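1. Sharing a model prediction with you, sequence too.
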Amino acid sequence: MHQTTVILRRELASYFATPLAYVFILLFLVLAAALAFYLGGLYERGQADLVPFFNFHPWLYLFVVPAIAMRLWAEERNSGSIELLLTQPITLWQAVLGKFLAAWLFIGIALALTFPIWITVNYLGDPDNGAILAAYLGSLLMAGGFLAIGSCMSALTRNQVVAFILGTAVCFVFLLAGFPLVLSVVQSWAPQALIDAVASLSVYAHFQSIVKGVLDLRDLLYFAMLIAFFLLATVVMLDLRKSS
Amino acid sequence: MIKTHNLTKRYDALTAVDNVSFEVKPGEVLGFLGPNGAGKTTTMRMIAGFIAPTSGSASICGHDVASDPIRARTVLGYLPEGAPSYGEMSVQGFLDFIARLRRLEVDRRRERLAFVIERLQLGDVLHQTIDTLSKGFRRRVGLAQAILHDPEVLILDEPTDGLDPLQKHEVRSLIKTMAPNKIIVISTHILEEVDAVCTRAIIIARGKLVADDTPAGLKAMAPSGRLDDVFRSIAA
């Protein structure tokens, strides 16, 4: 645990050592607000809630999260520092977890900085703050899921652009797993049980049910398993590249 | 003790390292010689546990690199090829990170950081980011990182590459002072370095171990008694 924290702190500090972090946070805040107000009509709807704000998060994260995740391992491999890191007396799990948690915390900071929008609806009306809190939690969990996918894709290559494209593509499939676009691929040949299984993998469906204000254990478990699975896959990928 | 037993690494059709076995005992400074691409770095990476061998095994102080990697790496100080580090960090921040990763206690951390900073003359650049340093300084930061925890075993891949003659001399004398109670392996293609610091040398060519002797013993193999003649005749 100690070494995971050491890696986490180094990673987090390295985000803020370059202008990248500030540019990213600014861009995230501008996009999140612009989507909610202009496309979502947050203000015109005349309802005191943040549903239009959260509704765009899956689409925003689809590009923003892989952009953060792409550097996790690809950059380390490209600069050669991966050899330094992985020959320290640490396990692969500690390295993967430390880097993942730092990136997750970073996105968490960006997400927390959207708080003025929450103050705004509280000033204008009387929203259900419990539901808003649940939606923030759901949004953070979804970001974690996408980040774990991105971490795995980043471990596959030394090229950050390739890592970004792969990350976005896999996140897209998971996001829309319950939609006809993805389901039609399996519908023609797979048994109903498999179609249902694929549909139940949809990030969008699980996120939507949390945004509605219902914190169901199954949704929480889904995101926890999504994160655990792709972090495990990251460890396996890194381990395989050792012997390739 | 470092032990390798039939260490082999194959990449598709290419055999980068072919059945390499050797032992290094405490007090020995082993020079790892060979032309570029001979398999020096690959062998060192396998001992450090960064890549897994196709077959064969390696152990450090009795800890098998594959089955007991954490213990093996705890007693090892390793300078990878090109001395990679985190460019956006300051020298101080980077060395502190490594010290924490290696779980050095507060007092010991302070003592060891002061020692390596003094020994490798990093005092003037402590607060500079590593990206802005010259090649020589970066190499010294890499060396500082490798000896920070005062390891029993040191594996240094081209430790003097990119250093000026004065710095080379400084690093060699550092290796010599550490030598009596450590196991040190250095790779190099500078033959004078073997004479200067090594008690024993291995020549590796096309992945195979082709000579293993003291510098004096190697020299005796050529009529001229010169190390580069031996190297040329064996490695060509």
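-> Everything's here; your move. Numbering: from 1, shown residues only, chains lettered A, B, ... in the order given.
2. wait, doesn't residue A:216 sit right on residue A:209?
-> Yes: here residue A:216 lies in contact with residue A:209, judged by C-beta atoms under 8 Å, at a distance of 6.2 Å. C-beta here means a position set from N, CA and C on the backbone, and glycine is covered the same way.
3. shared neighbours of these two, which are they?
-> Common contact partners of residue A:216 and residue A:209 (C-beta atoms under 8 Å, 6 or more residues apart in numbering or on different chains): none.
4. So between those two, which is more surrounded?
-> In this view residue A:216 and residue A:209 are compared by other C-beta atoms under 10 Å in any protein chain shown, and residue A:209 has more residues nearby, 16 against 12.
5. Which strand or helix spans the more buried one?
-> In this structure, residue A:209 sits in helix A:203-211 according to DSSP states H and E.
6. Pull the number of nearby residues for the residue of chain B found nearest chain A.
-> Here the residue of chain B nearest chain A is residue B:84; by C-beta to the nearest C-beta that distance is 3.5 Å. For residue B:84, the neighbour count with other C-beta under 10 Å is 20.
7. can you pull the contacts of the nearest residue to it once chain neighbours are set aside?
-> Spatially, and ignoring its direct neighbours in sequence, residue B:84 is nearest to residue A:80 (3.5 Å; C-beta to C-beta, 6 or more residues apart in numbering or on different chains). When contacts are counted by C-beta under 8 Å, 6+ apart, residue A:80 touches B:80, B:81, B:82, B:84.
8. So residue B:3: helix, strand or coil?
-> For residue B:3, the assignment made with DSSP: H, G, I helix; E, B strand; the rest coil gives strand.
9. which residues touch it?
-> Counted by C-beta under 8 Å, 6+ apart, residue B:3 has contacts B:22, B:23, B:58, B:59.
10. Can you flag the buried ones in those residues?
-> B:22, B:58, B:59 (16 or more other C-beta atoms under 10 Å in any protein chain shown).
11. which SSE is the last one in?
-> It stands for residue B:59. strand B:55-60.
12. Any part of that strand near chain A?
-> No: contact of strand B:55-60 with chain A (C-beta under 8 Å from any C-beta of the partner chain) is absent, the minimum separation being 11.0 Å.
13. Other residues contacting that strand?
-> Outside strand B:55-60, the residues touching it (C-beta under 8 Å, 6+ apart) are B:1-8, B:19-21, B:46-47, B:64-66, B:72, B:75-76, B:153.
14. Show me what secondary structure element comes after it.
-> Taking DSSP H and E, what comes next after strand B:55-60 is strand B:63-64.
15. which residue ranges form the helices in chain B?
-> For chain B, the helices defined by DSSP state H cover B:40-48, B:69-74, B:91-101, B:106-119, B:135-147, B:165-178, B:191-197, B:215-219, B:227-235.
16. Let me know which of these is tucked in deepest.
-> Comparing the helices of chain B by mean neighbour count (mean count of other C-beta atoms under 10 Å in any protein chain shown), helix B:40-48 comes out on top with a mean of 25.
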